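Asks: for reference, the sequence and a predicted model appear below.
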Amino acid sequence: LLALLRHPACRLAESAGLTSRAVDALDLMAFRAVLPGAGFPGLRTALETVDPRGPARRLSGPSRASAHALLDALVVALTPLAALGEGPDAPLSAFVAALQTGYAAIAGETDAEDHVETTRFLEELSDAAPASEPISPLSFPGVLAALMAGRVVRPARPRHPRLHILGPLEARLLAFDRVVLGGLNDGVWPPAPQSDAWINRPLRAQLGLPAPEGRIGLSAHDFEQGLGARETVLTRAKKAGGAPTIPSRWLQRLEAAA
């Protein structure tokens, strides 16, 4: 909860007419010791029974009141989702509706690209969710992560008049003097072939579906199109998540030929 409240995109305190000092007060009064109970009732008990020897002893009355007000706003925002988390299996639409309520309260009003895209994603998910089967509360985070994995958020407007960050398909429609091809690591570009748990290779061939390696051919075509610019810069990350990476097979072959 503290990580959520301190996130730069969280505007819950601002929406409640509070400042960031309210988050600090809640931190000192509730999160610097073992909570006296679970859930929101435990947080309320922690605010009402502040240790006179603890770090919150020097907080003034207004600061303590701001912590209570912030907790009230947090309860309103997250109670629907918390109630589903403690209950039996529920339709995906119920989880999405609770998530929309919490997100609207926490994110507030902003025109940031990621906020607009998140709101649109939740609306689309809400329209498609009624047809889904009930899922368990423990499964919902994984389901949500899987549904979000295929979404790409790009700035709606260029951050610089001479700079455009585009996908391979978008870039193919335009011409540039200088092109930077990034992410040239194996597993990223080209992507790793995805094995299908339900349809094996012979069955895919019988159904007329392309082989999993077909995407590598399409990626190779995108790479070749990008190399057609007057000046091309090939880049990759030597590490991802702290682990060494493998150069793209196209980079290795170009280096061998050069």
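Replies: Great, that's in hand.
Asks: would you map the helices across the stretch 151-258 of the chain?
Replies: Assigned helices in the stretch 151-258 of the chain, in chain order: 168-172, 201-207, 214-226, 249-257 (criterion: DSSP state H, counting those that start in this stretch).
Asks: nearest to L43, of these?
Replies: When these are compared by C-beta to C-beta, helix 168-172 sits nearest L43, at 46.6 Å. Just so you know, the C-beta spots here come from the backbone N, C-alpha and C atoms, and that holds for glycine as well.
Asks: name the residues of the closest one that are buried.
Replies: A171 (16 or more other C-beta atoms under 10 Å).
Asks: so how far is it off the chain centroid?
Replies: Chain-centre distance of helix 168-172: 24 Å, with C-alpha atoms, centre = their mean, to the nearest Å.
Asks: tell me which other helices or strands that helix touches.
Replies: Where contact means 3 or more C-beta pairs under 8 Å, 6 or more residues apart in numbering; DSSP states H and E, helix 168-172 is packed against helix 214-226.
Asks: cutoff 10 Å now
Replies: The helices and strands touching helix 168-172, judged by 3 or more C-beta pairs under 10 Å, 6 or more residues apart in numbering; DSSP states H and E, are strand 178-181, helix 214-226.
Asks: just list what the shortest one packs against, helices and strands only.
Replies: To tie it back to what came earlier, the one meant is strand 178-181. Judged by 3+ C-beta pairs under 10 Å, 6+ apart, strand 178-181 is in contact with helix 168-172, helix 214-226, strand 231-234.
Asks: now the last one: mean pLDDT?
Replies: Just to be clear, that refers to strand 231-234. What strand 231-234 shows for mean pLDDT is 94.
Asks: again with stretch 108-128
Replies: For stretch 108-128, mean pLDDT is 84.
Asks: can you dump the C-alpha atoms of it in PDB for me?
Replies: The C-alpha coordinates for stretch 108-128 follow below in PDB (Å, rounded to 0.1, in the frame of the first residue of the first chain):
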ATOM      1  CA  GLY A 108      -7.500  10.900 -10.700                       C
ATOM      2  CA  GLU A 109      -7.900  13.200 -13.700                       C
ATOM      3  CA  THR A 110      -4.900  13.400 -16.100                       C
ATOM      4  CA  ASP A 111      -4.200  13.300 -19.800                       C
ATOM      5  CA  ALA A 112      -1.000  11.200 -19.600                       C
ATOM      6  CA  GLU A 113      -0.700   8.700 -22.400                       C
ATOM      7  CA  ASP A 114      -0.500   5.700 -20.000                       C
ATOM      8  CA  HIS A 115      -3.500   6.800 -18.100                       C
ATOM      9  CA  VAL A 116      -5.600   7.200 -21.300                       C
ATOM     10  CA  GLU A 117      -4.500   3.800 -22.500                       C
ATOM     11  CA  THR A 118      -5.200   2.100 -19.200                       C
ATOM     12  CA  THR A 119      -8.700   3.600 -19.000                       C
ATOM     13  CA  ARG A 120      -9.400   2.500 -22.600                       C
ATOM     14  CA  PHE A 121      -8.000  -1.000 -21.800                       C
ATOM     15  CA  LEU A 122     -10.300  -1.400 -18.800                       C
ATOM     16  CA  GLU A 123     -13.300  -0.200 -20.800                       C
ATOM     17  CA  GLU A 124     -12.600  -2.700 -23.600                       C
ATOM     18  CA  LEU A 125     -12.000  -5.400 -20.900                       C
ATOM     19  CA  SER A 126     -15.300  -4.500 -19.300                       C
ATOM     20  CA  ASP A 127     -17.200  -4.900 -22.600                       C
ATOM     21  CA  ALA A 128     -15.600  -8.400 -23.200                       C
END
